[in-house]
Every structure is written in structure tokens, then in C-alpha cells.
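**Q** give me the fold of what follows.
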Amino acid sequence: MPHPMPDDAATTTVVRSPEDPRAHASDRLGWAQLPAELRDEIEATMNARVVEEISVVSGFSPGMGSLVRLSTGDQVFLKAARTLDAPECADLHRAEAKISVRLPAAVPMPRFLWGHGDGDWIVLAYEAIDGYPPRVPWDPAVLGRVLETLDDLARVPGARQIPLPPAGPQLASAAIGWGRVQREPYQHLEHVSPWAAQHLDRLVEAELGVLVACEGESIVHGDMRAENLAVTDDQVYVLDWPYAMRGAGWLDLAHLLVTVGAQGVEGVFEPVDVEVPCDGGPPVVHWDDAERAGAWLTAVFDDHPLGAEVHPEDLRSIVGGFAGFSLDTARRPAPPGRPCLLDRSLGRALAGLAWLEHLGL
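**A** Residues are numbered from 1 along each chain as shown. You can find the predicted model right below:
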């Protein structure tokens with residue numbers, strides 16, 4: 001039975017947060033676009049009305065992602081998606097709910113409050129935090145805090161008890177990009193990376209080692225990047241957990257650093273400047289800092305507590321697999337409403353290749 005609602009609740013006000021031009025969903029759902037019946041159920045669950053909404057535009061999801069203020073004065077972060085309109089997004093929310101409710105309290109994430117599903121709509125509610133994604137190019141001080149958080153996350157026990165699926169099969173099934181490039185040649189490979197074109201056979205061999213390289217007992221987020229982080233004055237939160245798995249504790253570190261390599265670090269190296277034409281023409285790449293970025297990525301990984309004892313072949317396999325996956329994604333048509341994905345994917349591929357070139361194959 002619905003809970004009683006305040007009679008004096010104000011009309012909902014929608015405020016859009018400042019947009020980061022580097023990452024935003026093309027058309028996120030808002031509170032007003034949810035069916036009236038669903039809004040009533042959500043408000044009944046919270047025993048309060050939604051009176052203000054701040055729509056979060058960072059990220060790629062077409063679903064709702066909003067910080068809402070309630071008639072009680074409390075704030076909650078809501079995520080919602082409809083299976084009929086966005087089946088992939090809705091399935092990710094369902095997977096995230098199953099994982100979030102089981103993650104140990106020591107995991108640095110906003111507290112999961114409740115979930116609602118009716119077979120079509122899926123809604124998730126989290127505690128509200130006063131945090132923002134790291135700006136890019138990265139601030140070295142903020143990056144340092146994030147790197148410390150990854151060390152803390154990797155040491156939280158309980159991955160097998162949750163239980164989380166092993167990382168090896170999941171990542172190995174995705175790390176087949178170089179094999180695809182070898183079977184279905186990418187006509188612009190020599191243009192975007194002469195080094196990769198010269199070492200294609202070795203890159204194919206490297207990604208075959210992903211299955212073994214992933215082995216471990218840590219909680220792995222599986223999609224570690226700036227858009228999935230929120231930084232407050234005293235804590236770094238890791239957001240969005242649908243891809244969580246059990247594996248080597250350094251996997252999130254390696255994946256994050258590849259994305260950092262593409263986004264740049266203030267005072268260290270510039271971000272990758274790349275544009276992938278929609279007509280299939282040759283990508284336009286401007287990046288003079290590949291060598292500097294590769295050396296920096298190597299040094300940061302080696303100096304990190306999680307990277308100190310990683311076997312070089314395992315690191316090459318993971319970085320190579322991620323770079324191959326990103327390059328293969330960049331040469332294919334962009335998903336509807338996500339044209340910037342190709343530019344981002346190629347940027348990450350080039351950052352991974354810069355790291356690999358410094359490591360050597």
C-alpha cells in the first residue's frame with residue numbers, strides 16, 4: 001500500500017548539472033519522463049515526494065541518472081531505465097542491483113538503498129554524495145587519491161563469497177581485438193599506429209594471455225574510468241558496478257591508467273586528440289606525447305603497491321587486450337546516440353599502445 005504523502009509538497013524543479021563536454025549522454029531521461037504510476041511507487045517507497053531534480057549528464061547511459069531532493073529535505077540518487085526502450089541499459093541496472101546489494105561495506109561506493117523492478121522498468125536508489133567526477137586532463141593530486149583508493153579496494157575481502165564471476169573468462173572473451181584485426185584487416189592501422197602494424201602478430205599473441213593474467217581473489221570493478229568515480233573533500237567513491245568480477249587486484253589499476261593516458265595529466269602530458277570520421281575515412285590524430293605518456297604510465301604502475309610484483313607478460317597481455325578491444329571498437333559503427341564513443345575508443349587504444357611500446361613486446 002502506498003505511504004501517505006505530504007499535502008504541501010512543491011512542484012518538482014529540474015536543474016541540469018554543468019555539462020562536461022568530454023562525456024555526456026545524448027538524451028538522459030528525467031524524473032518527469034517516468035510514468036506517473038512509477039513515480040508514485042518510487043515516492044511511496046521513499047515516503048516523500050520529489051521536489052527538485054539535478055540531472056547528471058556525465059557518462060554514456062540513456063537512462064535516468066538524477067540527484068533528487070525530497071519533501072523531507074533528504075537527497076537520493078536515482079537511476080532508472082526501461083527495458084522496452086533501452087534493454088542494454090536496463091539489464092546493466094539489474095546486474096548492478098544484484099552486485100551492489102552484496103558488496104561489503106568496506107567497498108568505497110555510495111550506499112545502495114533499494115531497487116524496484118516490474119519486468120519493464122528498473123529503478124535503483126543510492127545515498128546522495130556531494131562529489132564530482134575527476135576533471136580531465138587529470139589533476140595529479142586527485143589522481144593520487146584515486147590510486148590510493150584502488151589499493152584499498154583491491155584489499156577488500158569477500159569476492160568469492162558474494163559471489164562474483166571470475167574475471168578471466170569475461171575479459172578473455174572481450175580481448176580478441178587484435179585477432180579480429182588480423183583476420184579482418186583495418187585499413188587505417190598503419191596510419192594510426194605504425195608500431196602496432198609492425199607488431200600485429202605479437203599483439204595477437206599477447207592478448208591470448210589475458211585468461212591467465214586475470215587470476216586473483218580481489219573485487220574488481222571492471223570499468224574503472226573518470227566517469228565512474230566521484231571525488232569529495234575526504235573520499236573517493238567508485239560508482240556503477242554492473243561489471244564487477246573476481247580477479248587480480250591490479251586489473252582496475254591497469255584499466256584506469258590506460259584511460260588516464262588518453263585523457264592526459266596536467267603538467268605531465270597532453271591528452272590524445274583524435275577524431276574518427278563517420279564516413280569510414282582515416283582518423284585524424286594529433287598526439288606528440290605518446291613517448292612521454294608511455295614512460296609515465298610504466299613508472300606509475302611500477303611504483304603503485306598493486307603493480308610492484310605483476311609479471312611483465314601479464315601486464316602486456318592486459319594492456320594489449322584492452323588496446324585491441326578499444327581499436328576494434330573504434331573501427332566499427334558507433335552505437336545510436338553515442339558518436340563520441342569511437343573517438344574515445346581510439347584514444348584509449350593509442351594510449352595503451354604507447355604504454356606497450358614503452359614496455360616492449
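**Q** going by C-alpha atoms from here, please, whenever you check contacts or count neighbours.
**A** Fine.
**Q** give me the distance from stretch 102-115 to the chain's centre.
**A** Taking CA atoms, centre = their mean, to the nearest Å, one finds the center of stretch 102-115 at 17 Å from the center of the full chain.
**Q** that stretch: end-to-end distance?
**A** 13 Å (CA to CA, to the nearest Å).
**Q** excluding chain neighbours, what is closest to the spatially most central residue of the chain?
**A** For the chain, Asp223 is the residue whose C-alpha lies nearest the centre (CA atoms, centre = their mean; 3.9 Å). Nearest residue to Asp223, sequence neighbours excluded (CA to CA, 6 or more residues apart in numbering): Tyr243, at 6.8 Å.
**Q** per-residue pLDDT, the residue nearest to the centre of the chain?
**A** At Asp223, the pLDDT value in this model is 97.
**Q** repeat that for the one 4 residues further on.
**A** Note for Glu227: predicted pLDDT of 94.
**Q** which SSE is immediately downstream of the worst-scoring helix or strand of the chain on mean pLDDT?
**A** Least confident helix or strand of the chain, by mean pLDDT, DSSP states H and E, is strand 13-16 with a mean of 39. Later in the chain than strand 13-16, the nearest helix or strand by DSSP states H and E is helix 36-46.
**Q** would you mark the buried spots in that following helix?
**A** Using 16 or more other CA atoms under 10 Å as the test for burial, helix 36-46 gives Leu38, Arg39, Asp40, Ile42, Glu43, Ala44, Thr45, Met46.
**Q** phi first, then psi, for the residue nearest to Asp223.
**A** With angles defined as degrees, to the nearest 10, Tyr243 sits at phi -100, psi 10.
**Q** check Arg331 too.
**A** phi -90, psi 0.
**Q** my read: it touches Leu342, true?
**A** Yes. Arg331 sits in contact with Leu342 when judged by CA atoms under 8 Å, with a separation of 7.3 Å.
**Q** circling back to that earlier point, now distance to Pro305 too, for the buried residues of helix 36-46, in JSON lines please.
**A** Converted to JSON lines, the buried residues of helix 36-46 look like this (distance: CA to CA, whole Å):
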{"residue": "Leu38", "distance to Pro305": "46"}
{"residue": "Arg39", "distance to Pro305": "46"}
{"residue": "Asp40", "distance to Pro305": "48"}
{"residue": "Ile42", "distance to Pro305": "43"}
{"residue": "Glu43", "distance to Pro305": "45"}
{"residue": "Ala44", "distance to Pro305": "47"}
{"residue": "Thr45", "distance to Pro305": "43"}
{"residue": "Met46", "distance to Pro305": "42"}
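**Q** which one of those sits closest to Val258?
**A** Val258 lies nearest to Ile42 out of the buried residues of helix 36-46, by CA to CA, at 38.7 Å.
**Q** number of nearby residues for Pro87?
**A** Pro87 has 14 neighbouring residues, counting by other CA atoms under 10 Å.
**Q** which stretches of the stretch 51-200 of the chain form helices?
**A** Per DSSP state H, counting those that start in this stretch, the stretch 51-200 of the chain carries helices over the ranges 87-100, 140-154, 167-174, 177-183, 189-192, 194-198, 200-207.
**Q** can you lay out those as a markdown table showing distance to Gly73 and mean pLDDT?
**A** As requested, those are arranged in a markdown table below (distance: least, CA to CA, whole Å; pLDDT from 0 to 100):
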| stretch | distance to Gly73 | mean pLDDT |
| --- | --- | --- |
| helix 87-100 | 25 | 96 |
| helix 140-154 | 30 | 98 |
| helix 167-174 | 41 | 97 |
| helix 177-183 | 49 | 97 |
| helix 189-192 | 52 | 96 |
| helix 194-198 | 55 | 98 |
| helix 200-207 | 51 | 98 |
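**Q** make CSV from these and add distance to Cys278 to it.
**A** Output for the helices of the stretch 51-200 of the chain, formatted as CSV (distance: least, CA to CA, whole Å):
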stretch, distance to Cys278
helix 87-100, 23
helix 140-154, 33
helix 167-174, 24
helix 177-183, 19
helix 189-192, 16
helix 194-198, 22
helix 200-207, 25
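**Q** any idea which of these gets closest to Trp287?
**A** Taking the helices of the stretch 51-200 of the chain one by one with CA to CA, helix 189-192 is closest: 10.5 Å.
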